[in-house]
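Colleague: requesting a structural model of the entry that follows:
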Amino acid sequence: MISTSEKPANVSIVPIREASDADLERISREGLLSLTLEEMRTIQNHFRSLNRDPFDAELETIAQTWSEHCFHKTFRAAYTYSEANLDGEEPLAKGGPRTYANLIKETIFRCTHELNLPWCLSVFKDNAGVIAFDESDAVCFKVETHNHPSALEPYGGAGTGIGGVIRDVLGCGLGGKPVMNTDVFCFGPLDTDSKTLPEGALHPKRIARGVVSGVRDYGNRMGIPTANGAVYFDRGYIGNPLVFCGTVGLLPVSAIEKAVRPGDLVVAMGGRTGRDGIHGATFSSAPLEKGITSSVVQIGDAIVEKKTMDVLLQARNKRLYRAVTDCGAGGFSSAIGELGKDTGVRIDLAKAPLKYAGLQPWEIWLSESQERMVLAVPPENWMTLRALCLQENVEAVVLGDFTNDKRLTVDYGSTNVVTLDMNFLHDGAPQLKLEAVWDSRIQKERYRGAGNSLADFGVTAPSAPADNASIAPPARL
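Modeller: Residues are numbered from 1 along each chain as shown. Next comes the predicted model:
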């Protein structure tokens, strides 16, 4: 095992308490934090109340926790919805603009909870959704996009995309067993003239070949078949494809619930930590631009994940741990921070196994290196779990323990690198306030002007209506 003690900790203090708005925006931009000015002001005020400036790892932790990728700020936003130029259509917002204090809570969440269907066993609270199958087993589903990484490095981005949803199923409840994969790919036309590509963009043909190979190879090496899928071509996906990966798993009904207890050990299992994937969460939350380094794309190793899966399912059946989640966006920061949200946690990063020496504490904490799971293990079960991991040649280490102080405390040996209040970290982000306007005339114009992507490939589409025929716009949500 490579120890982080080979290089002394370099913990930087970020001076934000007296920073101007321009300085706050510069800090966010140069640090690839993808935080808005309002969010930076919120962080500034928080640390003013603590009478100190944040460490670099603290600012990075907040940025990934509040990122669009992890926090879904757009879905959680407050909305004012209005309509214009309906041209005889039935208005949805009768009596004036409609307001939503929290869009997703007042729409999808609300109707799901009001229906309260008995076969929906776990919804909106775990790494995957769980529905009933039979008396002993449930089925868990997880689908997720991996668009930006696949645009930069198609093979690796798509492979780690399917690997991530496989781990989400493994991290659902006490661990689902993945049984099949699915996918939907949307690319630009394969015969696109390379001279017309945006600067820095890969050709759709190169992206398509890499994405298909990446998903295929990762799933095959884990022994998980891709049972169905779809491919779509359109000019709108030139430069940035849609790579939609999904996994279906079987989960014992008795293993749906999980709960961390103070005193449980924080155990990291699976792959080692490197620099790959750093800033992946914040990168995926921002517009795709030229000049972005490929280091934000994770490096996958399906064989390591296969061995980790085998150990995890054995440990689940032996009830050796109380909770599990995967290291996805944000790495240890996200996985450990989420598991310890309701209790508190203390971590020593010097104990983390590394791919190579020289990583700084914030890099270890934020790295999105793949094939890593985090478990909450009762102390009395650790030696049994460790023996099982040794038997299967899977690395596992104790990084710390869960506490009851509602604080996230991260050390690097004797050096403190993060001390954050869990309530501020998970509930302190300012809510976005957005306006949404449905304009029927604009939608009709867009519909009339849409390109016929099928014709690009010699496929005859249904005849278009005459110019004077009415064309219905797309259905409104």
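Colleague: pLDDT score for residue 449?
Modeller: pLDDT for residue 449: 48.
Colleague: so where do the helices sit in the stretch 351-477 of the chain?
Modeller: With helices called from DSSP state H, counting those that start in this stretch, the stretch 351-477 of the chain shows them at 361-366, 382-391, 422-427, 440-449.
Colleague: would you mind finding the most buried of those helices?
Modeller: Neighbour counts (mean count of other CB atoms under 10 Å) averaged over each of those peak at helix 361-366, with a mean of 26. C-beta here means a position set from N, CA and C on the backbone, and glycine is covered the same way.
Colleague: contacts for that one?
Modeller: Contacts to helix 361-366, defined as CB atoms under 8 Å, 6 or more residues apart in numbering, come from residues 4, 9-11, 55-57, 60-61, 64, 273, 275, 278-279, 330-333, 349, 352, 354, 410, 412, 415, 417-418.
Colleague: inside strands: which ones of the residues you listed?
Modeller: 410, 412, 415, 417, 418 (DSSP state E).
Colleague: in TSV: the residues you listed, plus pLDDT and distance to residue 196.
Modeller: Output for the ones in strands among the contacts of helix 361-366, formatted as TSV (pLDDT from 0 to 100; distance: CB to CB, whole Å):
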residue	pLDDT	distance to residue 196
410	98	48
412	97	49
415	96	52
417	97	47
418	98	46
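Colleague: give me the buried subset of these.
Modeller: 410, 412, 417, 418 (16 or more other CB atoms under 10 Å).
Colleague: report the distance from stretch 425-443 to the chain centre.
Modeller: 20 Å (CA atoms, centre = their mean, to the nearest Å).
Colleague: what residues does it touch?
Modeller: Counting by CB under 8 Å, 6+ apart, 38-39, 42, 46, 61-62, 65-66, 71, 73-74, 76-87, 89, 92, 102, 337, 341, 408, 473-474, 476 sit against stretch 425-443.
Colleague: restricted to buried residues, select these in ChimeraX.
Modeller: To isolate the buried ones among those in ChimeraX, judged by 16+ other CB under 10 Å, type:
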select :39,42,46,61,62,65,66,71,73,77,79,81,82,83,337,341,408,473
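Colleague: how close does the closest residue in space to residue 310 that isn't next to it in sequence get to residue 314?
Modeller: Excluding the flanking residues, the one nearest residue 310 by CB to CB, 6 or more residues apart in numbering is residue 392, at 6.0 Å. Going from residue 392 to residue 314 by CB to CB, to the nearest Å gives 8 Å.
Colleague: so between those two, which is more surrounded?
Modeller: residue 314 (16 against 13; other CB atoms under 10 Å).
Colleague: report the contact partners of residue 154.
Modeller: When contacts are counted by CB under 8 Å, 6+ apart, residue 154 touches 202, 206, 207, 208, 209, 210, 211, 214, 241.
Colleague: please report how far the first one lies from residue 402.
Modeller: The gap separating residue 202 from residue 402 is 43 Å, by CB to CB.
Colleague: likewise the fourth one?
Modeller: Between residue 208 and residue 402 the distance is 45 Å, computed by CB to CB.
Colleague: and those two? which has more neighbours close in?
Modeller: residue 402 (23 against 20).
Colleague: and the pLDDT at that one?
Modeller: pLDDT at residue 402 comes out at 99.
Colleague: quick check: it touching residue 260?
Modeller: Yes - judged on CB atoms under 8 Å, residue 402 makes contact with residue 260 at a distance of 5.3 Å.
Colleague: common neighbours of the two, please.
Modeller: Common neighbours of residue 402 and residue 260 (CB under 8 Å, 6+ apart) are 339, 340, 343, 376.
Colleague: tell me which of these fall in helices.
Modeller: residue 339 (DSSP state H).
Colleague: any chance of the shared contacts of residue 402 and residue 260 in CSV with distance to residue 224 and neighbour count as columns?
Modeller: Output for the shared contacts of residue 402 and residue 260, formatted as CSV (distance: CB to CB, whole Å; neighbours: other CB atoms under 10 Å):
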residue, distance to residue 224, neighbour count
339, 25, 23
340, 30, 28
343, 33, 21
376, 26, 25
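Colleague: quick one: which of the shared contacts of residue 402 and residue 260 is nearest residue 137?
Modeller: residue 376 (23.4 Å; CB to CB).
Colleague: so that closest one makes contact with residue 261?
Modeller: Yes - shown here, residue 376 and residue 261 form a contact pair, counting by CB under 8 Å, at 7.4 Å.
Colleague: now for these two: what residues contact both?
Modeller: Joint contacts of residue 376 and residue 261 (CB under 8 Å, 6+ apart) are 322, 402.
Colleague: can you show me the helices along the stretch 1-150 of the chain?
Modeller: 21-30, 37-50, 56-65, 68-71, 73-76, 103-104, 110-115, 147-152.
Colleague: report all helices and strands that the fifth one contacts.
Modeller: In other words, helix 73-76. helix 103-104 (3 or more CB pairs under 8 Å, 6 or more residues apart in numbering; DSSP states H and E).
Colleague: residues in contact with the helix it packs on?
Modeller: 72, 75, 76, 77, 78, 79.
Colleague: dump those into JSON lines; add pLDDT and distance to residue 107 as well.
Modeller: JSON lines is the format used below for the contacts of helix 103-104 (pLDDT from 0 to 100; distance: CB to CB, whole Å):
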{"residue": "72", "pLDDT": "89", "distance to residue 107": "13"}
{"residue": "75", "pLDDT": "93", "distance to residue 107": "9"}
{"residue": "76", "pLDDT": "95", "distance to residue 107": "11"}
{"residue": "77", "pLDDT": "96", "distance to residue 107": "12"}
{"residue": "78", "pLDDT": "97", "distance to residue 107": "13"}
{"residue": "79", "pLDDT": "96", "distance to residue 107": "10"}
